[in-house]
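S.K.: would you be able to build a 3D model of this:
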Amino acid sequence: MEAQIEKPEADAELPRALIRRIVKSKLALLAGDDAKEFSVNKDALTALAECTKVFISCLASTSNDICQEKRRSTVNADDVLTALHDLDFPELVGPLREQLE
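M.R.: Predicted coordinates for the structure are as follows:
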């Protein structure tokens, strides 16, 4: 199954502060130093925000396709987990499943 990637809604902006906080937290975790401060360039933040919107749109679209194939009208967590696997992100399935429990 190949998902069509559509440009996300222009008015659906993600909070930049949230994206910045997630990126800085991940960089600190990767560096192994929670006390270290990281800076994120404005262009990098914009690029990450746009990538996030595209990823969410693609994941939602694929999840919806799976839901419709099962003749349902409501997307559920299993549809999202299956979509992650179908989109070649199986490494995200385990951590997401843990968060859902």
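
S.K.: where does Glu6 land on pLDDT?
M.R.: Each residue has a pLDDT score; the one for Glu6 is 55.

S.K.: correct me, but Asn64 touches Val75?
M.R.: Yes. Counting by Cβ atoms under 8 Å, Asn64 touches Val75, with 5.7 Å between them. Bear in mind the C-beta positions are built from the backbone N, C-alpha and C, glycine included.

S.K.: now do the buried residues in the helix or strand containing Leu30.
M.R.: Taking DSSP states H and E as the criterion, Leu30 maps to helix 16-31. By neighbour count on 16 or more other Cβ atoms under 10 Å, the buried set for helix 16-31 is Ile19, Arg20.

S.K.: do you know how far the residue nearest to Phe38 when sequence neighbours are not counted is from Arg21?
M.R.: Nearest residue to Phe38, sequence neighbours excluded (Cβ to Cβ, 6 or more residues apart in numbering): Leu27, at 4.4 Å. Here the distance between Leu27 and Arg21 works out to 11 Å (Cβ to Cβ, to the nearest Å).
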